[in-house]
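Visitor: Sequence first, then the predicted structure:
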Amino acid sequence: MKKTTALLLCFSFLLMLPSCNNKKLTEVVEVPLPSAQEKISIGNPDDVKADAGTFEMAKLPYSYDALAPNIDARTMEIHYSKHYLTYTNNLNKAIAGTDFKQLTIEEILSKSVLDSTDLRNNAGGYYNHSLFWECMGPKAGGQPKDTLAAAITKDFGSFENFKSQFKNAATKQFGSGWAWLIVDKTGKLQVTSTPNQDNPLMPNVLIPGTPILALDVWEHAYYLDYQYKRKNYIDAFFNIINWDVVEKKYKENLK
Ligand code: MN3
């Protein structure tokens, strides 16, 4: 009797095996694929807000995907909503309870920010990115017009000369940093570059002046799309420079 029960149990078990296998196979097939909503996770820059503090994030004047294919949407989203947000929050923390709270960002940068690495990096990061966003736009690129075009020709010989100097400065900036078009204290246009989050308003720089065009050459600005090919990113930047904004800034700095 016991033997019969054991045999029956074995037989039942064997019968169950194919059914288990089938169930497993069905489960594998039924793993849900990511929905369209999960694949597209690009947010809205207007939803990103810095913590309460003296300085607010400059509004991104276009959507994250507006500069594609020159700068992809994911890079723009991470850059604006993570890197720039962090600089803004850390700048506000660094100046909380100090006299710097009464000053403009330009005044902070031109004063002794160099004494504090924290303030130097975050005030620089805040100012540099705020200008960078503004200098770019969809349906932009081409060449400057009118007053700025004439000034570029006067100070660089030609637009092509300016372009090659600017690209050279951006390419040769070793490691992380920025390339700039600035108006120096005599009103002349110059190209320069700075490391890290330094900028030409700071008292330590080789060529001081007021920036009117900024290019971020930190790897976080281009690595997802361009990897090590910084040169291709710099070339693409020229397709999205908003020359109307750059000219407006140039005119504000005319003596
Ligand atoms: Mn950056």
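Guide: Perfect, I can see it now. Everything quoted here is computed from the prediction, not taken from an experiment.
Visitor: mind listing the strands for the chain?
Guide: Assigned by DSSP state E, the strands in the chain fall at 177-183, 189-195, 210-216.
Visitor: want to try a markdown table for those strands, with distance to Gly97, mean pLDDT and mean neighbour count as columns?
Guide: (Glycine included, C-beta is placed from N, CA and C.) Formatted as a markdown table, the strands of the chain follow (distance: least, C-beta to C-beta, whole Å; pLDDT from 0 to 100; neighbours: other C-beta atoms under 10 Å):
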| stretch | distance to Gly97 | mean pLDDT | mean neighbour count |
| --- | --- | --- | --- |
| strand 177-183 | 29 | 98 | 25 |
| strand 189-195 | 28 | 98 | 20 |
| strand 210-216 | 29 | 98 | 23 |
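Visitor: you'd agree Asn196 is up against Gly177?
Guide: Yes - Asn196 is within contact range of Gly177, at 6.1 Å (criterion: C-beta atoms under 8 Å).
Visitor: returning to what we had before: select, out of the strands of the chain, the one closest to the ion.
Guide: Across those, the ion has its closest neighbour in strand 210-216 (4.3 Å, C-beta to the ion).
Visitor: Just want the angle from that closest one to strand 189-195.
Guide: 50 degrees (axes from the mean of the first three to the mean of the last three C-alpha atoms, to 10 degrees).
Visitor: partner strands of strand 210-216, parallel or antiparallel?
Guide: According to DSSP bridges, strand 210-216 forms sheet pairs with strand 177-183 (antiparallel).
Visitor: from the chain's centre, how far out does the strand it pairs with sit?
Guide: 16 Å (C-alpha atoms, centre = their mean, to the nearest Å).
Visitor: okay, now Gln173: neighbour count?
Guide: Each residue near Gln173 was counted by other C-beta atoms under 10 Å, and the total is 19.
Visitor: Also Ser158?
Guide: Quick note: Ser158 (other C-beta under 10 Å) scores 10 neighbours.
Visitor: Would you map the helices across the stretch 101-250 of the chain?
Guide: Using DSSP state H, counting those that start in this stretch, the helices found in the stretch 101-250 of the chain span residues 105-110, 117-134, 146-156, 159-172, 223-226, 230-237, 243-252.
Visitor: For the protein, which element, helix or strand, carries the lowest mean pLDDT?
Guide: Here the helix or strand of the chain ranked lowest by mean pLDDT, DSSP states H and E is helix 2-29, holding a mean of 46.
Visitor: Spell out which parts of this structure neighbour the ion.
Guide: Asp216, Trp218 (C-beta under 5 Å from the ion).
Visitor: what stretches of the chain score poorly on pLDDT?
Guide: Low-confidence segments of the chain (pLDDT under 70): 1-40, 255.
Visitor: got the contact list for the residue nearest to the spatial centre of it?
Guide: Compute the mean C-alpha point of the chain, and by C-alpha atoms, centre = their mean the closest residue is His79, 3.6 Å away. Going by C-beta atoms under 8 Å, 6 or more residues apart in numbering, His79 touches His129, Asp216, His220, Ala221.
Visitor: Check these and tell me the two furthest apart.
Guide: Checked with C-beta to C-beta, the contacts of His79 reach their widest spread between His129 and His220, with 10.9 Å between them.
Visitor: So which of the two has more stuff around it?
Guide: His129 (24 against 13).
Visitor: Let me see the contact set for that one.
Guide: Taking C-beta under 8 Å, 6+ apart as the test, what His129 contacts is Ala58, His79, Tyr80, His83, Tyr84, Tyr87, Asp216.
Visitor: Verify the contact between the fourth one and Glu219 for me.
Guide: If I follow you right, that is His83. No - the criterion here is C-beta under 8 Å, and His83 misses it with Glu219 at 11.3 Å.
Visitor: okay, the strands of the chain in TSV with distance to Thr75 next?
Guide: Converted to TSV, these look like this (distance: least, C-beta to C-beta, whole Å):
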stretch	distance to Thr75
strand 177-183	17
strand 189-195	21
strand 210-216	11
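Visitor: Quick one: closest of those to Asp72.
Guide: So among those, strand 210-216 is nearest, using C-beta to C-beta, at 14.5 Å.
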